[in-house]
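Participant: got a predicted structure plus its sequence, pasted below:
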Amino acid sequence: MRGSAESALKQIHRTRLRMAIGIAALTFVVTAFITVRYMIAHAGPILRTRVIQSLSYRFNSKVELAGFQVSLLHGIEVTGSGLEIYGSKDPNAYEPGVQALIEIREFRFQAALRNLFRSPMHIDTVYVKGMVLNIPPKQGREEMAGMGSRARRMAIFVDKFVCEDTRLMINTINPDKPPLEFAISELKMKDIGPGLPLQFDATLVNPKPVGDIQSTGLFGPWKQDSPRDTPVQGRYSFSHADLSTITGIGGTLSSVGQYSGTLNNIVVHGTTDTPDFRIASSGHPVGLHTEFDAVVDGTCGDTYLKPVKLFFLNTSLTANGSVVRLRNGKGHNIELDVFLNRARIEDLLTLGVRTDPPIMTGPVDMKTKLSLSPGAATVSDRLKLAGDFHVLRAHFANEKVQGKIDSLSLRSQGRKQSREQNGEDVPVDLQGVFTLGHGLLSFSFLHFLIPGTHVDMTGDYSLDGREFDFHGTARLDAKLSQMTTGWKSILLKPVDPFFSKDGAGTEVPIKVTGTESEPRFGLDFHHKDEHDSTVKKKTDTLSKR
């Protein structure tokens, strides 16, 4: 009896234990069910609150979020739309209404379900589409100091952002001046640690010439007290850019380089190659290579070139200057000081003039100020030059022109032999002062020197080679009677004194008009007086240089 009582007692204990375990299991299941139901019902509001809370604290500003959806079927899957983060002031005075500092059309991210109960919540990657960053004017960027690290109270941490279709707007305080806009088709940013710069990989859309610029580098850490001093460094590549998208030029450009510095003082070193560069006024393709150093103000887009070295055919040149955005925001104005030392005149003519072959060959030194204003007109119509040049030992490609030069040299020296007997083309020395505008090359002074002849002229030459018109004075070593033979020489002897002046055997007004293929040379007594004073002034100017 005692043994069976003990056995029954043990059975009761086992039954009670099973019941307790069952009740505990049931309680856990019920609790878990209630918790999951609660999570499903409240995950959206919880996450929405965390997102708004984190962004509000990060930017110390008002945050609006139009759409927010959460799914828990495969962990936490979140999609949102219409996210706007505002500052204390309107950053974009050009657009009507109050603009947000940051606008995001769509975003999405995914995380493990357990992250919902962690604070701060950790997210590996957020995918963003249609983001607009409105950088305030220089005078109002103090509010962006709040974009620095305030990590301790952040409710959500994100390691990486992948952005598509991003626009960066750098604004000015002038309401009539549109912001400087950069289109970024793809942007990847990675947070590599507290207090460290963001690592980025970006594809920028270059409007003119059309093409994509690939750039990788580091940005930051953000300078709270002086955003313009935020560090930036990286490398870029720009390939297969179609220059024909710029009216008046053509070719396919590629460029590589590196940059470093701060946001308002980015130092860039790079090279470009264009194997088929051409200007519409000539249409002749040439291989063009450049090496450049520049300083860029990333807050306004102004660029200062220090210097640019350009190489094409057998010519090189050096340029210093600036590319500055106009006050009305409609394009950039290019101002350069250009220097050529022992370049080739035929290379310059091949690049800029349609005539083929070039009308002249020979070494040239030149310095000029170049100005290229923005606009829809061709480059040749917008390009302006003002400078001086010196061509040494030049020869004309056109046989008619060179033949007349050779004949003039012989006769002005009083020599009677023919060109064939002389055996060589006469070299020409040219120097002058010029301006270029609207496709017309104008010479306020042109000095022409060959053995036996000094000519000072002024005139115009069209870049298409179809027309030139020069007038001036020729001073010859020989007297008029010595420049001919026979009875003509005898008849001209009495008039020699009338044309001899200031030590010259003969001084006469001349003109050169017509076209490159059909030049016309002749006397020009009508223009003599009005050119005398101009020539003297320009001669004095060149002699001082």
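Facilitator: In hand now; what should we look at? Everything quoted here is computed from the prediction, not taken from an experiment.

Participant: and for the closest residue to Asn314 other than its chain neighbours, the neighbour number?
Facilitator: Leaving aside its chain neighbours, Asn314 sits nearest to Arg344 (5.0 Å; criterion: Cβ to Cβ, 6 or more residues apart in numbering). The C-beta positions use only the backbone N, C-alpha and C, and glycine is treated the same way. Applying other Cβ atoms under 10 Å, we find 20 residues neighbouring Arg344.

Participant: give the bridge partners for Arg344, please.
Facilitator: Per DSSP bridges, the residues bridged to Arg344 are Pro363.

Participant: got the contact list for it?
Facilitator: For Arg344, the contacting residues are 313-315, 361-364, by Cβ atoms under 8 Å, 6 or more residues apart in numbering.

Participant: from Leu288, how far out is it?
Facilitator: Distance of Arg344 to Leu288, given as Cβ to Cβ, to the nearest Å: 15 Å.

Participant: repeat for Lys190
Facilitator: With Cβ to Cβ as the criterion, Lys190 and Leu288 are 37 Å apart.

Participant: between the two, which one's more packed in?
Facilitator: More neighbours surround Leu288 than the other of Lys190 and Leu288, with 20 against 14 (other Cβ under 10 Å).

Participant: confidence score at the more buried one?
Facilitator: pLDDT recorded at Leu288 is 90.

Participant: check Gly522 too.
Facilitator: pLDDT, Gly522: 74.

Participant: quick one: buried residues of the host helix or strand of it?
Facilitator: Element membership for Gly522 (DSSP states H and E) is strand 519-523. For strand 519-523, burial by neighbour count (16 or more other Cβ atoms under 10 Å) applies to 519, 521.

Participant: and what of stretch 215-225?
Facilitator: Buried residues in stretch 215-225, counted by 16+ other Cβ under 10 Å: 215, 217-223.

Participant: repeat for stretch 249-256
Facilitator: By neighbour count with 16+ other Cβ under 10 Å, stretch 249-256 contains the buried residues 249-253, 255.

Participant: residues making contact with it?
Facilitator: Under the criterion Cβ under 8 Å, 6+ apart, residues 209, 211, 235-244, 270-280, 285, 288, 379 lie in contact with stretch 249-256.

Participant: Gly321 contacts Asn333, correct?
Facilitator: No. Using Cβ atoms under 8 Å, Gly321 is not in contact with Asn333; the gap is 10.2 Å.

Participant: neighbour count for the two, which is higher?
Facilitator: Gly321 (19 against 13).

Participant: check contacts around Ala202.
Facilitator: 184, 186-188, 214-216.

Participant: and those, which are buried?
Facilitator: By neighbour count, with 16+ other Cβ under 10 Å, the contacts of Ala202 hold 184, 186-188, 215 as buried.

Participant: how far away is Ser7 from Gln199?
Facilitator: Distance, Ser7 to Gln199, using Cβ to Cβ: 73 Å.

Participant: between these two, which one's more packed in?
Facilitator: In this view Ser7 and Gln199 are compared by other Cβ under 10 Å, and Gln199 has more residues nearby, 17 against 10.

Participant: beta-bridge partners for that one, please?
Facilitator: Lys190, Leu218.

Participant: now do the contacts for it.
Facilitator: Gln199 touches 189-190, 192, 217-218, counting by Cβ under 8 Å, 6+ apart.

Participant: least trustworthy position among these, going by pLDDT?
Facilitator: Across the contacts of Gln199, no position has a lower pLDDT than Ile192, which has 66.

Participant: give me the element the nearest residue to Val426 once chain neighbours are set aside is part of.
Facilitator: Excluding its sequence neighbours, the residue lying closest to Val426 (Cβ to Cβ, 6+ apart) is Ser409, at 4.4 Å. Secondary-structure assignment from DSSP H and E places Ser409 in helix 399-412.

Participant: got a list of what Arg475 touches?
Facilitator: 453-455, 501-502, 504, 506-507.

Participant: just the buried ones from these?
Facilitator: Buried members of those, counted by 16+ other Cβ under 10 Å: 453-455, 504, 506-507.

Participant: can you tell me which of those is nearest Arg108?
Facilitator: Using Cβ to Cβ, Val455 comes nearest to Arg108 of the buried ones among the contacts of Arg475, at 77.0 Å.

Participant: and the closest one, bridged to which residues?
Facilitator: Beta-bridge pairing of Val455 under DSSP bridges involves Phe448, Ala474.

Participant: how far away is it from Phe448?
Facilitator: 4 Å.

Participant: and the buried ones among the contacts of Arg344, selectable in PyMOL?
Facilitator: Of the contacts of Arg344, the buried ones go into a single PyMOL selection, burial set by 16+ other Cβ under 10 Å:
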select buried, resi 313+315+361+362+363+364
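
Participant: in TSV, list the contacts of Arg344 along with pLDDT and distance to Asn264.
Facilitator: Output for these, formatted as TSV (pLDDT from 0 to 100; distance: Cβ to Cβ, whole Å):
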residue	pLDDT	distance to Asn264
Leu313	92	38
Asn314	92	40
Thr315	93	36
Thr361	90	47
Gly362	91	46
Pro363	93	42
Val364	92	39
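
Participant: what number of residues lie near the closest residue to Ala183 other than its chain neighbours?
Facilitator: Sequence neighbours aside, Val205 is the residue nearest to Ala183 in space, at 4.0 Å (criterion: Cβ to Cβ, 6+ apart). By other Cβ under 10 Å, the residues close to Val205 number 16.

Participant: which element is Val205 on?
Facilitator: Judged by DSSP H and E, Val205 forms part of strand 198-206.

Participant: report pLDDT for the residue nearest to Val379 when sequence neighbours are not counted.
Facilitator: Spatial nearest neighbour of Val379, chain neighbours left out: Gly248 (3.2 Å); criterion: Cβ to Cβ, 6+ apart. For Gly248, the pLDDT comes out at 73.

Participant: cool, Ser215 as well?
Facilitator: For Ser215, the model assigns a pLDDT of 91.

Participant: in contact with it, which residues?
Facilitator: By Cβ under 8 Å, 6+ apart, the contact list for Ser215 reads 200-204, 234-237.

Participant: can I get the residues you listed in a markdown table with pLDDT?
Facilitator: A markdown table is the format used below for these (pLDDT from 0 to 100):
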| residue | pLDDT |
| --- | --- |
| Phe200 | 90 |
| Asp201 | 93 |
| Ala202 | 90 |
| Thr203 | 89 |
| Leu204 | 85 |
| Gly234 | 94 |
| Arg235 | 94 |
| Tyr236 | 92 |
| Ser237 | 93 |
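
Participant: tell me which of those is nearest to Gly472?
Facilitator: Tyr236 (51.3 Å).

Participant: tell me the pLDDT at Leu26?
Facilitator: Predicted confidence (pLDDT) for Leu26: 58.

Participant: rewinding a little: make JSON lines out of the contacts of Arg475 and add distance to Leu326.
Facilitator: Compiled in JSON lines, the contacts of Arg475 are given as follows (distance: Cβ to Cβ, whole Å):
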{"residue": "Thr453", "distance to Leu326": "48"}
{"residue": "His454", "distance to Leu326": "45"}
{"residue": "Val455", "distance to Leu326": "42"}
{"residue": "Lys501", "distance to Leu326": "52"}
{"residue": "Asp502", "distance to Leu326": "51"}
{"residue": "Ala504", "distance to Leu326": "52"}
{"residue": "Thr506", "distance to Leu326": "54"}
{"residue": "Glu507", "distance to Leu326": "50"}
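
Participant: which of the residues you listed sits closest to Phe109?
Facilitator: Phe109 has its nearest neighbour among the contacts of Arg475 in Val455, at 78.5 Å by Cβ to Cβ.

Participant: need the pLDDT of that closest one.
Facilitator: With respect to pLDDT, Val455 scores 88.

Participant: tell me who's in contact with it.
Facilitator: Remark: with contacts taken as Cβ under 8 Å, 6+ apart, Val455 is in contact with 447-449, 472-475, 510.

Participant: now with 10 Å?
Facilitator: By Cβ atoms under 10 Å, 6 or more residues apart in numbering, Val455 lies in contact with 408, 412, 428, 430, 446-449, 470, 472-476, 510, 512, 535.
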